[in-house]
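> Below are the sequence and a predicted model for it; my questions follow.
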Amino acid sequence: MDEIGFTCVGVRAEAYAAFPTLVFRLRITEPSPEGVHAIGLRCQIRIEPHLRRYGPDEVELLGDLFGDPSRWGDTLKPLQFANLSIMVPAFTGTTEVDVPVPCSYDLEVAAGKYFAALDDGEIPLLLLFSGTVFSRAERGFSVGQVPWHCETRHRLPAAVWRELMDRYFPDSGWLRLRRDTLRDLHRFKYERALATWDEALELLLKETRG
């Protein structure tokens, strides 16, 4: 088996899924003339937050995730976004496949909290691959492994993420609040060093009643 390669050529928000889903378009190349019978492909996707700049509002909201900006040199570490597996059908030379990634808008999940804090720009992603390659041979097929060093990077527009969430939770989060109210609650939670959204709401109610 010749060296296999992967490139992410785009990402779109799936319009008709039952659950919020991003679809990554993956190009796979394998130059051997025999071609590939199938690939049992595993893909790990990580967010690389240190590879982009942040506006003042984003910095404030991300404090809940990474702490004070003075510490970001130590705390701005990669975040796990997704782990998934797909079967790639037979091809020779080059093929393109869709990789659906179910997404959550749960702000208790680090990736969801990170995405929700961004106003615009792009989100740096690293896609890491492994799996099993079944190649055609004169008699049946041979079996090989996707090398562990196979990876590719892609910059997901924050607007695509916003489009996806607005399809399922229009201008809101899990609490069904206006986005500006949710951000104010996020700032309140961070400023008071509260661990959960319940604590933030309970404190707000207590101060209102007091």
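Great, that's in hand. Residues are numbered from 1 along each chain as shown.
> quick one: the residue nearest to Ala90 when sequence neighbours are not counted from Gly93, how far?
Nearest residue to Ala90 in three dimensions, chain neighbours excluded: His37, at 5.4 Å (C-beta to C-beta, 6 or more residues apart in numbering). (Each C-beta comes from the backbone N, C-alpha and C, glycine too.) The spacing between His37 and Gly93, counted by C-beta to C-beta, to the nearest Å, is 14 Å.
> The two: which is more packed in?
Neighbours were counted for His37 and for Gly93 using other C-beta atoms under 10 Å; His37 has more, 18 against 12.
> what sits against the more buried one?
Shown in contact with His37 (C-beta atoms under 8 Å, 6 or more residues apart in numbering): Ala90, Phe134, Ser135, Arg136, Phe141.
> I'd like these laid out as a markdown table, including secondary structure and distance to Val11.
Conversion of the contacts of His37 to a markdown table gives the following (DSSP: H, G, I helix; E, B strand; the rest coil; distance: C-beta to C-beta, whole Å):
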| residue | secondary structure | distance to Val11 |
| --- | --- | --- |
| Ala90 | coil | 25 |
| Phe134 | strand | 27 |
| Ser135 | strand | 29 |
| Arg136 | strand | 31 |
| Phe141 | strand | 32 |
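> Closest to Ala110 out of these?
Comparing those against Ala110 with C-beta to C-beta places Phe134 closest, at 35.6 Å.
> Name whatever forms a beta bridge with the closest one.
Beta-bridge partners for Phe134, by DSSP bridges, are Ala38, Val143.
> now Leu79
Beta-bridge partners, per DSSP bridges, of Leu79: Ile47.
> residues contacting it?
With C-beta under 8 Å, 6+ apart, Leu79 has these contacts: Arg46, Ile47, Pro49, Ala110, Ala111, Tyr114.
> Can you flag the buried ones in these?
Among those, those classed as buried by neighbour count (16 or more other C-beta atoms under 10 Å) are Arg46, Ile47, Pro49, Ala111, Tyr114.
> Pull out the buried positions in stretch 181-197.
Buried residues in stretch 181-197, defined by neighbour count with 16+ other C-beta under 10 Å: Leu182, Arg183, Leu185, His186, Lys189, Tyr190, Leu194, Trp197.
> Thank you, goodbye.
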